[in-house]
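Asker: show me the folded form of this:
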Amino acid sequence: MEIDIGGRLWSVGPERPRVMGIVNATPDSFFEGSRRQSDDEIARAVEQALDEGADMLDVGGYSSRPGADDVPESEEFARLDHALRLVREVAGADFPLSVDTFRSGVVRRLYDRYGAFVVNDISAGELDPQMLRTVGELRLPYIAMHMRGTPQTMTSQTDYPAEGGGVLGAVLRYFVQKVAQSREAGIVDLILDPGFGFAKSVSQNFELLRRMNELSVFGLPILAGLSRKSLIWRTLGVTPDEALNGTSVLNAEALRQGAAILRVHDVREAVETVCLVRACSGRAE
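Answerer: Model prediction:
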């Protein structure tokens with residue numbers, strides 16, 4: 001499958017998995033090692049991700065970790081504006097970028113300054129009723145993620161009754177609705193993210209990962225964001241700083257389950273995981 005980013009086609013799919021490197025322009029991301037604020041920190045993070053083989057960079061200015069403080073839209077925009085300027089200087093004008101935001105006003109203002117990018121929305125339009133329409137009008141690719149509530153309330157919204165199919169049933173119904181809404185808004189290029197770590201317990205995250213291949217029913221690329229998340233470090237009894245090995249293991253399983261994009265803090269290890277999984281499946285180039 002190819003998605004159109006401002007007239008540039010970007011191939012993505014389970015047969016050609018991609019690695020999305022995270023660039024956090026925040027002071028409070030859950031993984032301390034990913035926090036970038038100064039010009040030098042952001043530039044070095046971009047250079048490292050490119051050197052290690054990132055296919056796309058995902059730039060965020062609002063921490064979505066559980067219980068994170070809300071950030072005003074003006075502050076989020078200022079962080080992203082600063083970061084995108086530096087990313088473009090280092091990576092070039094044509095390198096594929098994603099912007100992690102749930103605010104349509106931020107999308108429109110950044111588009112006016114920097115042109116096309118992929119919109120990565122943790123709420124799939126739930127936190128801003130203008131988001132889907134804005135993305136459709138601007139003809140931008142869109143990542144719709146499953147979440148309940150907000151980053152401030154999501155840990156209390158993990159009830160997925162068995163009679164409703166549990167967590168997978170809820171995610172499937174959610175995406176049926178979101179795909180229809182996105183198409184109605186004019187969004188052509190759509191990517192689905194099951195939202196590991198968002199309004200899900202540790203056991204629910206593992207259940208979702210075990211059955212992630214069932215999301216292929218939509219015929220759309222699936223993004224897996226497992227990097228250093230709590231299902232890893234809580235299960236292993238370690239910290240996010242010590243969760244790299246566990247991340248690689250679960251990224252391999254996500255690829256086996258049909259993931260088309262791995263969103264990661266550690267690009268080199270993810271690129272190596274993709275290479276080895278492809279070799280095991282007989283798809284090595």
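Asker: can you list contacts of the top strand by length along the chain?
Answerer: Criterion DSSP state E: the longest strand present in the chain is strand 18-24. Strand 18-24 has contacts (Cβ atoms under 8 Å, 6 or more residues apart in numbering) with 12, 34-36, 42, 45-46, 49, 52-60, 63, 83, 87, 98, 223, 227, 260-265, 267, 270-271, 274. Quick note: C-beta positions are derived from backbone N, CA and C, even for glycine.
Asker: now the helices for the stretch 1-150 of the chain?
Answerer: 39-51, 73-91, 104-114, 131-138 (DSSP state H, counting those that start in this stretch).
Asker: in the longest one, what's buried?
Answerer: Spelled out, that is helix 73-91. The neighbour-count check on helix 73-91 (16 or more other Cβ atoms under 10 Å) flags 76-77, 79-84, 86-88, 90-91 as buried.
Asker: now do the shortest one
Answerer: Residues of helix 131-138 classed as buried under the neighbour-count rule (16+ other Cβ under 10 Å) are Met131, Leu132, Arg133, Thr134, Val135, Gly136, Leu138.
Asker: and what of the first one?
Answerer: Judged by neighbour count (16+ other Cβ under 10 Å), helix 39-51 contains these buried residues: Ile42, Ala43, Ala45, Val46, Ala49, Leu50.
Asker: packing partners for it?
Answerer: Where contact means 3 or more Cβ pairs under 8 Å, 6 or more residues apart in numbering; DSSP states H and E, helix 39-51 is packed against strand 18-24, helix 73-91.
Asker: including mean pLDDT, could the ones you listed go into a markdown table?
Answerer: Output for the helices and strands packed on helix 39-51, formatted as a markdown table (pLDDT from 0 to 100):
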| stretch | mean pLDDT |
| --- | --- |
| strand 18-24 | 95 |
| helix 73-91 | 94 |
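Asker: run through the residues that contact Ser230.
Answerer: Taking Cβ under 8 Å, 6+ apart, one finds Gly197, Val202 in contact with Ser230.
Asker: distance of it from Gln204?
Answerer: 12 Å (Cβ to Cβ, to the nearest Å).
Asker: with Gly165 instead?
Answerer: Distance, Gly165 to Gln204, using Cβ to Cβ: 12 Å.
Asker: more neighbours: which of these two?
Answerer: Counting neighbours by other Cβ atoms under 10 Å for Gly165 and for Gln204 shows that Gln204 has the greater number, 20 against 13.
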